[in-house]
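In: fold the following and give me the result.
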Amino acid sequence: MKFKKIFITGGAGYVGSSLVPELLNKGYEVTVYDIMYYTDKFLPVNNPKLKIIEGDIRDKEKVKTSCQDHDVFVHLACISNDTSFALDEKLSTSINLDAFEPMVIAAKSAGIKRFIYASSSSVYGISEEKNVTEDHPLVPLTLYNKYKGICEPLLFKHTDENFEGVIFRPATVCGFAPRQRLDLSVNILTNFAVNKGMIKVFGGNQLRPNLHVMDYCDAVEVLIKSDSEKIKDQIFNIGYQNLSIMEIANLVKKVVEKEFPEKGKIEIIKESSDDNRSYHINSDKIKNFLNYSPKRSIENAVQDLCEAFKKNLLKDSFDKDIYFNINRMKNIKAK
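Out: Got it, this is the predicted structure:
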């Protein structure tokens, strides 16, 4: 194992709650650095190889001291999704943009060897291209998407032979995780289908690439362990299925009707939408460079969520703020 000690910002969130136990199970030592908007109760807190630090990425000195003696810095922390971002643009800008370059500098000066940045495939905005590759122009539609893109060259500005940087642009994440989110497209539709017997589709023709949360975790581990010459200063799209919102809705309907036959037919209601994001990402580069391809389908993600609902793991799925980033941020008065 080339790198053993991993430092993860935002490690207590949706992806982090799946990524951290995966890395621990594979023998890594992990430090989670998180502001704890969502608490740490979804992490394996008793694992001796896990260290949890409640910290703010805007505190560059604390970041620097906390990440010393680590090999890899995985940056997941951000105010995630457009609605949460818009709740307090000043707060979101301070975390998603202003904190980024000072944090990169802090990580480099602390002796971090590899910095992995989670950008987003939403940086592409709207594209008619059949296959959007990593060199496609960035045409972000919102500040959240724009800042994700602005931060990318800020990382590469500081990389050298002793400080490697790699960026990935994941598709919209879906599926079950210990700290569940139910404000992402596949997860939203599944929650409605299971618990309301209907699905509301806003628009329907927009293409949305998706990525199972466990494939996201696998991809991060690939970026941690890959050889330097293959990842240095590279950007990788990571997505699996590029389906329209309506295609996703029909797939959710099919799976939920099979998993919960007692609920009868699931109704799909179509409504207009002003969310025009539509793009079809191509993930061949990461396959060609690193021999990695996602292997879990949207159907798998819906099945996992159905299983979680059956086990009563997602209680009060429309009411608990922990499932919805914007509701949680409002309730705790995030700052």
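In: quick one: pLDDT of residue 67?
Out: Per-residue pLDDT puts residue 67 at 98.
In: contacts only, for residue 164.
Out: By Cβ atoms under 8 Å, 6 or more residues apart in numbering, the contact list for residue 164 reads 113-115, 228, 231-233. Where you see a C-beta, it was placed from the backbone N, CA and C, and this is true even at glycine.
In: a helix runs through residue 331, doesn't it?
Out: Yes: counting by DSSP: H, G, I helix; E, B strand; the rest coil, residue 331 is part of a helix.
In: shift numbering so it begins at 351
Out: Renumbered: residue one is now 351, and that last one reads residue 681.
In: my read: it touches residue 670, true?
Out: No: taking Cβ atoms under 8 Å as the contact criterion, residue 681 and residue 670 are not neighbours in contact, 10.3 Å apart.
In: all strands for the stretch 551-685 of the chain, in order.
Out: 557-562, 584-588, 591-594, 617-621 (DSSP state E, counting those that start in this stretch).
In: for residue 661, find the nearest of these.
Out: Evaluated with Cβ to Cβ, the strands of the stretch 551-685 of the chain place strand 557-562 nearest to residue 661, the distance being 18.7 Å.
In: could you tell me the angle between that closest one and strand 584-588?
Out: Between strand 557-562 and strand 584-588, the angle comes out at 100 degrees (axes from the mean of the first three to the mean of the last three Cα atoms, to 10 degrees).
In: what helices or strands is strand 557-562 leaning on?
Out: strand 522-524, helix 535-546, strand 591-594, helix 595-609, helix 648-660 (3 or more Cβ pairs under 8 Å, 6 or more residues apart in numbering; DSSP states H and E).
In: list the helices and strands the third one packs on?
Out: Read it as strand 591-594. For strand 591-594, the elements it packs on are strand 557-562, judged by 3+ Cβ pairs under 8 Å, 6+ apart.
In: tell me the strands beside the strand it packs on, with direction?
Out: Partner strands for strand 557-562, per DSSP bridges, with pairing direction: strand 522-524 (parallel), strand 591-594 (antiparallel).
In: reformat those strands as a markdown table; add mean neighbour count, mean pLDDT and distance to residue 451.
Out: Written out in a markdown table, the entries for the strands paired with strand 557-562 read as follows (neighbours: other Cβ atoms under 10 Å; pLDDT from 0 to 100; distance: least, Cβ to Cβ, whole Å):
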| stretch | mean neighbour count | mean pLDDT | distance to residue 451 |
| --- | --- | --- | --- |
| strand 522-524 | 25 | 97 | 25 |
| strand 591-594 | 20 | 90 | 32 |
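In: can you put those in JSON lines and add distance to residue 652?
Out: Rendered in JSON lines, the data for these read as follows (distance: least, Cβ to Cβ, whole Å):
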{"stretch": "strand 522-524", "distance to residue 652": "8"}
{"stretch": "strand 591-594", "distance to residue 652": "12"}
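In: nearest to residue 443, out of these?
Out: Proximity of the strands paired with strand 557-562 to residue 443 was assessed by Cβ to Cβ; the nearest stretch is strand 522-524, lying at 22.5 Å.
In: can you get me a residue count around residue 506?
Out: Each residue near residue 506 was counted by other Cβ atoms under 10 Å, and the total is 17.
In: roughly how far apart are it and residue 465?
Out: 10 Å (Cβ to Cβ, to the nearest Å).
In: any shared contact partners between those two?
Out: Common contacts of residue 506 and residue 465 (Cβ under 8 Å, 6+ apart): residue 515.
In: nearest spatial neighbour of residue 574, skipping sequence neighbours?
Out: With sequence-adjacent residues excluded and distances taken as Cβ to Cβ, 6 or more residues apart in numbering, residue 574 is closest to residue 422, at 5.3 Å.
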